[in-house]
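Participant: Fold the stuff below for me.
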Amino acid sequence: MSKTIIYSKEAPAPIGPYSQAVKVGNTLYVSGQIPLDAESGELLNANITEETHAVMKNLEAVLRAAGYGFSDVVKCSIFIRDMDQFGTINEAYAQYFQTDPPARETVEVSRLPRDVNVEISCVAVK
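Facilitator: Numbering: from 1, shown residues only. Below is the predicted model of the structure:
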């Protein structure tokens, strides 16, 4: 089975040796996104709500570049620096999955790239 590398100019360019997403068959594996503005490269981190929405918009851009949407997402992984922010992150995240939300785990970690507070990856299937 062949793989296709997915790239969107509407999402931040990778900051390491990885692809924004890889499509294998009808499954799309989207790398973790952080709250970077794709145009300026600046962090969007005034508060955890802004960070979460920025991450979700970056995920959406990569999904769209591959012809997918949030309704195709079957699994998300959320990495956060402070589990006390879980509720606020969850409120913002939930706006993107109004019906039939995907499977998910949320893990508190000690540090994330660029010292952000949240990173989310996902898997989507058509």
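Participant: can you give me the strands in the protein?
Facilitator: Using DSSP state E, the strands of the chain run over residues 3-6, 21-24, 27-33, 73-80, 103-108, 118-125.
Participant: Which of those sits closest to N45?
Facilitator: In terms of C-beta to C-beta, the element of the strands of the chain nearest to N45 is strand 118-125, at 9.2 Å. No exception for glycine: its C-beta is placed from N, CA and C like everyone else's.
Participant: what's that closest one in contact with?
Facilitator: Outside strand 118-125, the residues that touch it by C-beta atoms under 8 Å, 6 or more residues apart in numbering are 26-35, 48, 51-52, 55-56, 59, 63, 66, 68, 72-81, 85, 89, 93, 102, 112-113.
Participant: that older thread, nearest to P14, out of the strands of the chain?
Facilitator: Nearest of the strands of the chain (C-beta to C-beta): strand 27-33, 7.1 Å.
Participant: Pull stretch 23-30 out as CSV, backbone CA atoms only.
Facilitator: The C-alpha atoms that make up stretch 23-30 are tabulated as CSV, following Å, rounded to 0.1, in the frame of the first residue of the first chain:
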residue,chain,number,x,y,z
LYS,A,23,-2.4,9.2,4.1
VAL,A,24,-2.3,5.4,3.7
GLY,A,25,-5.3,3.9,1.9
ASN,A,26,-8.3,5.7,3.3
THR,A,27,-6.7,6.5,6.7
LEU,A,28,-5.1,9.9,7.4
TYR,A,29,-2.6,10.2,10.2
VAL,A,30,-2.3,13.9,11.3
